[in-house]
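Participant: Next one to model:
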Amino acid sequence: MKLVFTALAMVSMCFGYCASAQEASKIDMTKLYVGAGINHNRIDTSSLGSTDGKASGFQMFAGYEYGQVSGIDISAEAGFIQSGEFYTGSDEDADGIWAAGVAQKDLPEINQKLAAIARLGFGLGGDDGLLMGFGAQYRLNPQALLRLEYVNKDLSQSYQLNAVFEF
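Facilitator: Numbers count the residues shown, from 1 in each chain. Below is the predicted model:
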């Protein structure tokens, strides 16, 4: 629970800083977004002779869009992920905070509302280390997106379904 409060405090401080610094540094508040979703996590230990650990949970995050580079939208995200225990009665979980750079490429040749996304970042907590992932997002309306992602962390893999709200 302490990790949840730490993550919420970090996101709140980030939004507070952005709001207070908007005049000084011209941060565009319309480029901020928040998201939340559910996840299913897995640790592959079957090659070591035991069963895979599985746990489901949720995540929350906030992001800022920086703009386009060669037709690819670049943004930064920070968030919190919580999962249950991977094994009954154990303390092993994927709870933690993370930060990542996200690249998004629209796919108008398939659908005007569809985009591919990729991420690279770092996590602290239950599964420390590098994380990377890929997936797709679908624009439901001008301010709402639905994302489906696969994120590979240091020890675990996470399948995620997220809803994103852009301001």
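
Participant: Averaging pLDDT per element, find the lowest-scoring helix or strand in the protein.
Facilitator: Within the chain, no helix or strand scores below helix 2-25, which has a mean of 51 by mean pLDDT, DSSP states H and E.

Participant: Heading C-terminal from that helix, find the next helix or strand.
Facilitator: Using DSSP states H and E, the helix or strand that follows helix 2-25 in sequence is strand 32-43.

Participant: ok, F61 to A76 distance?
Facilitator: F61 sits 10 Å away from A76, taking CB to CB, to the nearest Å as the criterion. Every C-beta, even on glycine, is put in place using the N, C-alpha and C of the backbone.

Participant: Looking at these two, which one has more neighbours?
Facilitator: F61 (23 against 14; other CB atoms under 10 Å).

Participant: what are the phi and psi values for the more buried one?
Facilitator: phi -160, psi 170 (degrees, to the nearest 10).

Participant: What are the neighbouring residues in contact with it?
Facilitator: 11, 34-36, 77-80, 162 (CB atoms under 8 Å, 6 or more residues apart in numbering).

Participant: Got a PyMOL select line for the buried ones in these?
Facilitator: Per 16 or more other CB atoms under 10 Å, the buried members of these correspond to this PyMOL selection:
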select buried, resi 11+34+35+77+78+79+80+162
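
Participant: Of the contacts of F61, which is the nearest to A100?
Facilitator: Nearest to A100 out of these is E77 (CB to CB; 5.3 Å).

Participant: Would you mind confirming that the closest one makes contact with A62?
Facilitator: Yes: between E77 and A62 a contact is recorded at 6.9 Å, counting by CB atoms under 8 Å.

Participant: what are the bridge partners for R147, then?
Facilitator: Under DSSP bridges, the beta-bridge partners of R147 are Q137, N162.

Participant: tally of neighbours for the spatially closest residue to G96 that is not a sequence neighbour?
Facilitator: Setting aside the residues directly before and after it, G96 is nearest to G125 in space (CB to CB, 6 or more residues apart in numbering), at 1.9 Å. Counted with other CB under 10 Å, residues neighbouring G125 total 17.

Participant: which residues does G125 contact?
Facilitator: So G125 contacts 3, 81, 94-98 (CB under 8 Å, 6+ apart).

Participant: And for N141?
Facilitator: Residues near N141 by CB under 8 Å, 6+ apart: none.

Participant: Would you mind giving both backbone torsions of it?
Facilitator: Backbone torsions for N141, taken as degrees, to the nearest 10, come to phi -160, psi -180.

Participant: and it, what pLDDT?
Facilitator: Looking at N141, its pLDDT reads 96.

Participant: Okay, it and D28: tell me how far apart.
Facilitator: 20 Å.
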